[in-house]
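In: below: sequence and its predicted model.
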Amino acid sequence: MRVTRAQAEQNRAHIVATAARLFRERGYDGVGVAELMAAAGFTHGGFYKHFRSKADLMAEASASGLAQTATGAEGLGPAEFVESYVSREHRDGRGDGCTIATLSGDAARQSADIKTEFAAGIENLLTALQAQSGTPEEADQDQRASRAMVIDMLAHSVGAVMLSRACPDGSPLADEILDVCRKELLASLAHDNNDRLAAQNPEA
């Protein structure tokens, strides 16, 4: 039976989504093409009808996962993001979690194509977070300060999750890392917000 173009596109999207989840769970080298295709419900031979190589799928799956992360951050204020991100639930949910926290270490050893996808994905996430951290009419200097704050917040959040995941499941240290980093991040955000309000209302 001939597969329509629309069905072929749906099949490809399903393979990409499956790959994105499995790569987050096991890393790029932790799952092979045959296993990946089986998980998506297709035969190994069908892979090359959609992709030239596993590297091509890795890049596309990374882009898909990164876009999902950025979309999930839209509308979240900085504190809401930290509460959700620096949590045991996120730490344990690798397959459904942030691609940056699960695959940044792997991406650093991959091709320029994958690094390019990560740079674009991180930039999109920063943009989504910064949109909720300030106001559109802020001066350039304030915009730069807001961006620096968001970069610092994201780097600390990602680092906290990665360090926690490096510890054994159920380890007291794994929870301690998350708890300490979350509290410090929230306190820093509250301090920054108070400073911003004071600057906007110097006579208050």
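Out: Yep, it's here.
In: contacts, neighbours, all on C-alpha from now
Out: Will do.
In: all helices for this structure, in order.
Out: 5-26, 33-40, 54-73, 78-85, 88-92, 99-107, 112-130, 140-166, 172-200 (DSSP state H).
In: and the angle from the second one to helix 5-26?
Out: Put plainly, it is helix 33-40. 110 degrees (axes from the mean of the first three to the mean of the last three C-alpha atoms, to 10 degrees).
In: contacts for helix 33-40, please.
Out: 14, 15, 18, 19, 22, 43, 44, 47, 54 (C-alpha atoms under 8 Å, 6 or more residues apart in numbering).
In: excluding chain neighbours, what is closest to residue 92?
Out: residue 165 (7.9 Å; C-alpha to C-alpha, 6 or more residues apart in numbering).
In: ok, the one you found touching residue 174?
Out: Yes - under the criterion of C-alpha atoms under 8 Å, residue 165 makes contact with residue 174 at 6.9 Å.
In: tell me how far the residue nearest the centre of the chain lies from residue 172.
Out: Centroid-nearest residue in the chain, with C-alpha atoms, centre = their mean: residue 98, separated by 3.3 Å. The gap separating residue 98 from residue 172 is 23 Å, by C-alpha to C-alpha, to the nearest Å.
In: before we move on, back to that, can I get the helices of the chain in a markdown table with mean neighbour count and mean pLDDT?
Out: As requested, these are exported to a markdown table (neighbours: other C-alpha atoms under 10 Å; pLDDT from 0 to 100):
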| stretch | mean neighbour count | mean pLDDT |
| --- | --- | --- |
| helix 5-26 | 18 | 93 |
| helix 33-40 | 16 | 95 |
| helix 54-73 | 20 | 94 |
| helix 78-85 | 18 | 95 |
| helix 88-92 | 16 | 96 |
| helix 99-107 | 20 | 96 |
| helix 112-130 | 19 | 95 |
| helix 140-166 | 18 | 91 |
| helix 172-200 | 15 | 83 |
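In: residue 64 reaches residue 16, doesn't it?
Out: Yes - using C-alpha under 8 Å, residue 64 is in contact with residue 16, at 7.5 Å.
In: now for residue 53, how many residues are close by?
Out: Using other C-alpha atoms under 10 Å, residue 53 is surrounded by 11 other residues.
In: got the phi and psi for it?
Out: phi -160, psi 170 (degrees, to the nearest 10).
In: per-residue pLDDT, it?
Out: Looking at residue 53, its pLDDT is 93.
In: measure it to residue 45 for me?
Out: On the measure of C-alpha to C-alpha, residue 53 and residue 45 end up 12 Å apart.
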